[in-house]
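# my questions concern the predicted model and sequence given below.
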Amino acid sequence: MGREVPGRAGGPAAGAVRAHPDRTRPLLLPVYGLSATLVVVGLALYSLTLLVRNLLAGLDGVPAEAREAARGMGYGPTRRLLTVELPLALPAAMAGLRIATVSAVALTTVGAIVGYGGLGNLIYTGMNTFFKAQVLTASVLCVLIAVVFDLLLLGVERLLTPWRRASRRARVRTRATAGPKRLVAAFGRRT
């Protein structure tokens with residue numbers, strides 16, 4: 001059962017970018033030329049494809065029972081989206097944000113090809129001069145930055161979804177107390 005929103009997430013243009021991102025990116029070169037803007041816009045479009053895809057997957061994953069319950073309680077489409085569907089889709093949306101962030105950090109190094117790459121410049125010049133320590137240092141720093149951002153976003157996700165922590169704690173507590181109860185049930189009554 002899909003969402004009832006007409007023209008999902010930007011209509012045909014967004015669908016074309018999502019379906020064929022590699023075919024739409026070369027259209028940016030004549031518009032922006034070889035510049036830092038080209039790198040930023042390319043990274044933004046790539047990240048948006050990941051974000052939109054994961055958000056739509058999260059919204060499609062909202063149980064139909066939750067939608068029906070909200071509809072039965074008199075929630076309109078906007079209120080249902082904001083108070084029921086988006087909070088339930090938040091884990092998938094945050095996963096998309098984490099993937100997009102790590103990918104953007106990694107792909108920023110490709111900007112060195114047009115002269116705007118940050119750590120990518122170190123990698124690019126290191127590869128040309130066969131100075132491997134420079135390449136290794138820049139690569140390790142890139143990975144560290146990506147891991148730090150990923151952990152920060154994971155912390156934000158845990159803060160925004162307290163119900164997931166509570167259910168996880170309840171499952172752990174249930175497993176921890178279920179073992180002794182089974183032992184008592186199995187061996188405790190020998191009369």
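Looks like it came in fine. Predicted model only: the values in this text are computed from it and were never measured.
# now do the same contact list for the residue lying closest to I145 once chain neighbours are set aside.
Spatially, and ignoring its direct neighbours in sequence, I145 is nearest to V105 (5.4 Å; CB to CB, 6 or more residues apart in numbering). C-betas here are computed from N, CA, C, even on glycine. By CB atoms under 8 Å, 6 or more residues apart in numbering, the contact list for V105 reads C142, I145, A146, F149.
# nearest to N54, of the residues you listed?
Compare each of the contacts of V105 with N54 using CB to CB and the shortest gap goes to F149, at 16.4 Å.
# so what does the host helix or strand of the closest one touch, helix or strand wise?
F149 is part of helix 132-160, with elements assigned from DSSP states H and E. Identification of packing neighbours for helix 132-160 by 3 or more CB pairs under 8 Å, 6 or more residues apart in numbering; DSSP states H and E yields helix 86-108, helix 119-129.
# just the C-alpha atoms of the last one, please, in CSV.
Output in CSV follows, covering the C-alpha atoms of helix 119-129 (Å, rounded to 0.1, in the frame of the first residue of the first chain):
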residue,chain,number,x,y,z
LEU,A,119,42.4,16.0,0.7
GLY,A,120,41.9,14.8,-2.9
ASN,A,121,44.6,17.3,-3.9
LEU,A,122,47.0,15.5,-1.6
ILE,A,123,46.1,12.1,-3.0
TYR,A,124,46.3,13.4,-6.6
THR,A,125,49.7,15.0,-6.2
GLY,A,126,50.9,12.0,-4.2
MET,A,127,49.9,9.6,-7.0
ASN,A,128,51.7,11.7,-9.6
THR,A,129,55.0,12.0,-7.5
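# buried residues in that helix?
For helix 119-129, a neighbour-count test (16 or more other CB atoms under 10 Å) marks L119, G120, N121, L122, I123, Y124, G126 as buried.
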